[in-house]
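Asks: here's my sequence, what's the structure:
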Amino acid sequence: MKYRTSLVAVLLLFLSIVATTAQTHGLTGTTNSPYAKMHNVGPGDVAWTKGFWAERFAVCKDTMLLNMWRIFDNPELSHAYRNFEIAAGLKSGEHKDPPFFDGDMYKWLEGVAAVYAVTKNPKLDALMDKFIETIRLAQRKDGYIHTATIIADKNHPGAKKGFEERLHFETYNMGHLMTAACVHYRATGKRNLLDIAIKTTGFLCNFYRTASAELARSAICPSHYMGVVEMYRTTRNPEYLELAKNLLNIRELVENGTDDNQDRIPFSQQKTAMGHAVRANYLYAGAADVFLETGNKDLMAGLHPIWEDVVHRKMYITGGCGALYDGTSPDGTCYVPDSIQKVHQAYGRAFQLPQETAHNETCANIGNMLWNYRMLQATADAKYADIMELTYYNSILSGISLDGKKYLYTNPLSQTKKFPYNMRWGDFRQAYLTCFCCPPNTFRTIAEANDYAYAIAENGVYCNLYGGNQLKTTTADGQKLQITQVTDYPWNGLIRLKMEEVPNKAYSLFLRLPEWAENSTITVNGKQETIATTPGTYAEINRKWKKGDVVELNIPYQVRLIESNPLVEETRNQVAILYGPMVYCLESVDLPEGISIADILIPSDIQLQPVAIDIEGNKILSLQGTAKQILQNNWNNQLYRKITTTTKDVHISLVPYYAWGNRGNHDMSVWLRLR
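Replies: Next comes the predicted model:
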């Protein structure tokens, strides 16, 4: 009888998986999430056709993907894949390199699946299968998978147990495995990786039934919060949703927690962003995922003020997060000296935003985007899409070179060769980083940009990110929807959408108007619409569409000189220059020889004109004009000096921040002195 009961349970679970996965698609499979106001279109439903994102995707699929595989597959450079081979019994040896390299390979695998969803390249399918089979062989029978522990146990039985060390990143790795498995299943229809992830998620379910509160501290960089929820969406196994809720609840019981890991104060009491920025943003994204499934208002009661704290007091103008290489935090208790803790990659305090020493790890910026997308799904509020766009164009794309072969771990907003000491992660793009978490994270995020372009709601389709593309999807009630978008965005604001296949009822088209988009106009078939075009909102056009209808959104572009809150000390009396969604910077390579960026003054009435240039074979829109140069530029052995008013005109050419550092190692600054 026990055997028959177990068999029935397994059969019911299998049937629920088969029945539900066919209805769940997208990066975040929120099709059936009761508290989501919009959900992703399916993988491969959007293909970039021409323009900025088509060019970035081409570099992604043609260069980034295989270049990273060559790195992972070269044990002389990186032991990432060799660790899996040793754990699988295919090779012999010891584990090498950081324990989180497992998760980095899972991120890469997710990116490959996203590329495959668009290209259907059989070589990519075979490459994924090769890696997946190695993962399967490495996984323990109970579902545990972490190569550092498995290899140690193979070579020295009993010497190492799972979850012994907080910084072993086991659940972080498992979370990225789960997310990769869901994306892979939706892109390929194959269950080989999903079945591995089901075993791993089952292991975590069993583990956390008996885990102590102290073991909850092993939730370093909690990607598994997002991963477990995604597994629930894919399989509809209710145990997974319970696990996701418990993972948050158990944080309330942690003893001797740290601000670094956001667990010194119970999560339910947190109203400001604190600690390690990657860990924080992953936590916030995971909590938003749980809200989308449960509607737990207590989660949003914390996430809303934390978001306000980040966006209005702790985020860089590029969308970057984590201001400090190393900070201190008194946020756990009332201030007493013994309560201060060291925090790595710290959010820091309000308005604490250094420029030259800004940390801004690319993974933290990606976490910011992931969190905001989930907040967008929960609210349909365009302010979250604004942050998504800001981070994508500026602090995410900046993490990888234009040719897709060199990387930045940190993203400072200023750099000078005269800086008197070396930063921990260097000051230039590198072909390999010993901490390689950011490159595959950037790769998968660029590969998946098309999946964020649109979202489906019960009453319409949302346009979240603009770029030349073709959308072929279905509405919420299963009708076909096809739209062709033609635009040179982000270089100009004219966006043309042609309705190729439409539902047979009134249907809304929601066009996002960025918060900087003043005086935008919308026409349908050449006739101007009278609907509101308020910046920072979605403009809704509701009508019964016909095949061939053409919608044009025209967002006027103008150069914007931006100042910071005066409480941000390091940028006081300076300006940043923005054009469209792009933040611009000045590189010394674009100045006459011998002139320092520090000598440049930006007149408040400067006239900057967009001029197309080429950097490494990429079309870039520069901003060019006439600024002022201070003639007294000798600071040798001087800390202070009398000001000089003697200046002369100098031609300047600014480039988008994401493109800096692609012409050699030169001085750079986003913020420039105001005249």
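
Asks: all strands of the stretch 451-600 of the chain, in order?
Replies: 454-457, 460-463, 469-474, 480-487, 494-501, 506-513, 521-524, 527-528, 537-544, 550-554, 560-562, 574-579, 582-587, 600-602 (DSSP state E, counting those that start in this stretch).

Asks: which one of those strands lies closest to P122?
Replies: P122 sits nearest to strand 469-474 of all the strands of the stretch 451-600 of the chain, at 21.3 Å, using CB to CB. C-beta here means a position set from N, CA and C on the backbone, and glycine is covered the same way.

Asks: packing partners for the closest one?
Replies: strand 46-48, strand 454-457, strand 480-487 (3 or more CB pairs under 8 Å, 6 or more residues apart in numbering; DSSP states H and E).

Asks: turn these into JSON lines, columns for mean pLDDT and distance to A323.
Replies: Shown next, in JSON lines, are the helices and strands packed on strand 469-474 (pLDDT from 0 to 100; distance: least, CB to CB, whole Å):
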{"stretch": "strand 46-48", "mean pLDDT": "98", "distance to A323": "33"}
{"stretch": "strand 454-457", "mean pLDDT": "98", "distance to A323": "31"}
{"stretch": "strand 480-487", "mean pLDDT": "98", "distance to A323": "34"}
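
Asks: between those, which gets nearest to P412?
Replies: strand 46-48 (29.7 Å).

Asks: so what touches the longest strand that the chain contains?
Replies: The residue-count maximum for a strand in the chain (DSSP state E) belongs to strand 618-630. If you take CB atoms under 8 Å, 6 or more residues apart in numbering as the criterion, strand 618-630 is touched by 55, 402, 491, 559, 577, 579, 582, 584, 595, 599-603, 606-614, 644, 646-656, 659, 675.

Asks: which ones are touching K498?
Replies: 483-486, 548-551.

Asks: can you tell me how far it is from T294?
Replies: For K498, the distance to T294 equals 40 Å [CB to CB, to the nearest Å].

Asks: number of nearby residues for the residue nearest to S401 when sequence neighbours are not counted?
Replies: Nearest residue to S401, sequence neighbours excluded (CB to CB, 6 or more residues apart in numbering): R429, at 5.1 Å. Neighbour count for R429, taken as other CB atoms under 10 Å: 22.

Asks: could you point out which element follows the lowest-mean-pLDDT helix or strand in the chain?
Replies: The least trusted helix or strand in the chain, going by mean pLDDT, DSSP states H and E, turns out to be helix 2-21, with a mean of 42. Once the chain leaves helix 2-21, the next helix or strand it forms, by DSSP states H and E, is strand 39-40.

Asks: give me the contact list for that next one.
Replies: Contacts for strand 39-40 (CB under 8 Å, 6+ apart): 25-31, 33, 377, 451-452, 455-457.

Asks: and the residues you listed, which is closest to F510?
Replies: A457 (7.8 Å).

Asks: surely the closest one is in contact with Q377?
Replies: No. Here A457 lies out of contact with Q377, judged by CB atoms under 8 Å, at a distance of 9.8 Å.

Asks: more neighbours: the two, which one.
Replies: Q377 (26 against 17).

Asks: how about the helices of the stretch 151-300 of the chain, start to end?
Replies: According to DSSP state H, counting those that start in this stretch, the stretch 151-300 of the chain carries its helices in the segments 170-188, 192-210, 223-235, 238-249, 277-294, 297-309.

Asks: tell me which other helices or strands the fourth one touches.
Replies: So that's helix 238-249. helix 192-210, helix 223-235, helix 277-294.

Asks: let me have those helices in a markdown table, extended by mean pLDDT and mean neighbour count.
Replies: Shown next, in a markdown table, are the helices and strands packed on helix 238-249 (pLDDT from 0 to 100; neighbours: other CB atoms under 10 Å):
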| stretch | mean pLDDT | mean neighbour count |
| --- | --- | --- |
| helix 192-210 | 93 | 20 |
| helix 223-235 | 96 | 29 |
| helix 277-294 | 96 | 26 |
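
Asks: hang on, the earlier thing: just the contacts of strand 618-630: which are in strands?
Replies: Reading strands off the contacts of strand 618-630 with DSSP E, I get 577, 579, 582, 584, 600-602, 609-614, 647-656.

Asks: mind putting the helices and strands packed on strand 469-474 into JSON lines with distance to Q262?
Replies: Shown next, in JSON lines, are those (distance: least, CB to CB, whole Å):
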{"stretch": "strand 46-48", "distance to Q262": "34"}
{"stretch": "strand 454-457", "distance to Q262": "29"}
{"stretch": "strand 480-487", "distance to Q262": "39"}
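
Asks: to L397, which of those lies closest?
Replies: Comparing these by CB to CB, strand 46-48 comes nearest, at 14.3 Å.

Asks: please identify the buried residues of the closest one?
Replies: Residues of strand 46-48 classed as buried by neighbour count (16 or more other CB atoms under 10 Å): 46-48.

Asks: contacts for it next, please.
Replies: 54, 57, 118, 449-451, 453-454, 467-471, 473.

Asks: what pairs with that strand, parallel or antiparallel?
Replies: Within its sheet, strand 46-48 is paired with strand 469-474 (antiparallel), according to DSSP bridges.

Asks: circling back to that earlier point, export the strands of the stretch 451-600 of the chain to a markdown table and tack on distance to I196?
Replies: Compiled in a markdown table, those are given as follows (distance: least, CB to CB, whole Å):
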| stretch | distance to I196 |
| --- | --- |
| strand 454-457 | 29 |
| strand 460-463 | 34 |
| strand 469-474 | 29 |
| strand 480-487 | 34 |
| strand 494-501 | 37 |
| strand 506-513 | 37 |
| strand 521-524 | 47 |
| strand 527-528 | 54 |
| strand 537-544 | 39 |
| strand 550-554 | 44 |
| strand 560-562 | 47 |
| strand 574-579 | 45 |
| strand 582-587 | 41 |
| strand 600-602 | 55 |
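
Asks: which one, of those strands, ends up nearest to L631?
Replies: Per CB to CB, nearest to L631 of those: strand 600-602, 11.2 Å.

Asks: before we move on, the earlier item: out of the contacts of strand 618-630, which are buried?
Replies: Using 16+ other CB under 10 Å, the buried ones in the contacts of strand 618-630 are 55, 402, 491, 559, 577, 579, 582, 584, 599-603, 606, 608, 647, 650, 652-656, 659, 675.

Asks: pLDDT weak spots in the stretch 101-250 of the chain?
Replies: Applying pLDDT under 70 to the stretch 101-250 of the chain picks out residues 166, 211-218.

Asks: ok, 80 please
Replies: 159-168, 210-221 (pLDDT under 80).

Asks: how about the helices of the stretch 151-300 of the chain, which one is nearest R264?
Replies: Per CB to CB, nearest to R264 of the helices of the stretch 151-300 of the chain: helix 277-294, 12.6 Å.

Asks: wait, C435 touches Y407, no?
Replies: No. At 10.3 Å, C435 does not count as touching Y407 under the criterion of CB under 8 Å.

Asks: those two: who's more crowded?
Replies: Comparing C435 with Y407 by other CB under 10 Å, the one with more neighbours is Y407, at 22 against 16.

Asks: contacting residues around that one?
Replies: 362, 399-401, 429-433, 438-439, 442 are the contacts of Y407 under CB under 8 Å, 6+ apart.
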